[in-house]
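Trainee: Sequence plus the predicted model coming up.
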Amino acid sequence: MSNPSHPPSILPPADAGAPRWLTLLLAAACGLVVANLYYAQPLVAPISAALAISPRLAGLIVTLTQVGYGIGLLFLVPVADIVENRRLITLLLAVCSIALGVAAASRDATVFFIAAAAIGLSAVAVQIMVPFAAHLAPDATRGRVVGNVMSGLLLGIMLARPLASLLTGIWGWHAVFAASAVVTACVAALLARVLPKRQPAHRLRYADLVGSMWRLLVSHEILRRRGAYHAFLFAAFSLFWTTVPLLLAGPGFGLGQKGIALFALVGVAGAVAAPIAGRLADRGMMRLVTAVALALVAAAFLISRAGLHGSNLSLAALTAAAIILDFGASANLVVGQRAIFSLGAEYRSRLNGLYMALFFAGGAIGSAVGAWAYATGGWSRACWIGFAFPVAAFLYFATERRAAYAAA
């Protein structure tokens, strides 16, 4: 039963939709915040050198952020189904800003590791903002709105690595975290001022809330399938972007940090897939978009094999593969969210947390397998394993019943 002092929702009427400026603001906010998860990936070497972190522990610079994010997906994102969303978002962003400031000021490895975990834990605010945007949209345009917001998030992911590399080359790695601390604090203040309130009607206890997530996973085939499809694709995505920098820095291409940063920028083109996929999903073409997305990611790994190693043709093929892979992964992510957000508004944040946790696990596996494959068999072995991930997803997709999307 709802509390009279906290109305269930102070959002615009569902049929009115979100103002365009608010959708764009949420897209920008998601991009700026999610980038915090990826800044450290190209900075492992300078951070390790500055903080005297041994090679055996250097992987924790990235891993602890990812672990924190995974924990937040399962235990913080669902809280948005029972507490006022605007307050939760701004609180998490404030914590994220503080953690970034601590990371920027770190002169000790232990302090940095704690800050890295806190950055990941609090950056899950983005996965509360995405279903928040879905709440603002009517059914007929929900895919478009989610796609627009996700395009901002994807841009943040794709720009974070090259931006971190470039800023580090100019001012050092401390400046990357310091600048982001300021930006994240500004985002928190702006959203606290302009976001409408949303107080969910449910009054579940936290233990019941977390316990309900298993029941949601068991009872919703669409959630399980969409999580599995994107787990395979995110594994392929993570494998590619973990191993390609190693390939480009090797003797065949000999690219430096700036060259690799410029190469990473080509992936930004894939972000245009998000709004396109969202619009097609709104028109009932979800299955078609899924099939095309899976095929594109598989094709990207085949294309990346073209040309002699180190040749201009080989570099062009890798560039095309990066764009195609990011396009397919972005499209599949958006149609997956469009599908699960249609399952029920009352537990949308829990659904999103489960969906993200499922495919995030796939990404972690892809990164680990990619690093091992490249170390033991070079790009050839890594490439064929990457190709196998979307193929496995397509085989599973082929067993899907059309009726599964009747209500989506």
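Mentor: Noted; the coordinates are in hand.
Trainee: Tally up the residues packed near the nearest residue to residue 304 once chain neighbours are set aside, please.
Mentor: Leaving aside its sequence neighbours, residue 304 sits nearest to residue 321 (CB to CB, 6 or more residues apart in numbering; 3.8 Å). C-beta coordinates here come from the backbone N, C-alpha and C atoms, glycine included. Residues near residue 321, counting by other CB atoms under 10 Å, number 24.
Trainee: ok, now which ones touch residue 321?
Mentor: 240, 300-301, 303-304 (CB atoms under 8 Å, 6 or more residues apart in numbering).
Trainee: which of those sit farthest apart?
Mentor: 240 and 303 (11.6 Å; CB to CB).
Trainee: Counting neighbours, go ahead and name the busier of those two.
Mentor: Per other CB under 10 Å, whichever of residue 240 and residue 303 has more neighbours is residue 240, with 28 against 19.
Trainee: name the element the more buried one belongs to?
Mentor: Here residue 240 sits within helix 221-249, counting by DSSP states H and E.
Trainee: angle of the next helix or strand after that helix against helix 221-249?
Mentor: The helix or strand immediately downstream of helix 221-249 is helix 257-265, counting by DSSP H and E. Comparing the axes of helix 257-265 and helix 221-249 via axes from the mean of the first three to the mean of the last three CA atoms, to 10 degrees yields an angle of 150 degrees.
Trainee: same for the next helix or strand after helix 257-265, what does it pack against?
Mentor: Counting by DSSP H and E, the next helix or strand C-terminal to helix 257-265 is helix 273-282. Under the contact definition 3 or more CB pairs under 8 Å, 6 or more residues apart in numbering; DSSP states H and E, helix 273-282 sits against helix 142-171, helix 286-303, helix 312-341.
Trainee: among those, which is nearest residue 355?
Mentor: helix 312-341 (5.4 Å).
Trainee: Any stretches of this protein with poor pLDDT?
Mentor: 1-18, 55, 59, 257, 402-408 (pLDDT under 70).
Trainee: and it, what are its domains?
Mentor: 10-203, 204-408 (automatic domain parsing).
Trainee: Could you tell me the angle between the lengthiest helix in the chain and helix 286-303?
Mentor: Ranked by number of residues, the top helix in the chain under DSSP state H is helix 348-397. Here the directions of helix 348-397 and helix 286-303 differ by 60 degrees (the same axes, to 10 degrees).
Trainee: For helix 348-397, what is the distance to the chain centroid?
Mentor: Relative to the chain's own centre, helix 348-397 is displaced by 14 Å; criterion: CA atoms, centre = their mean, to the nearest Å.
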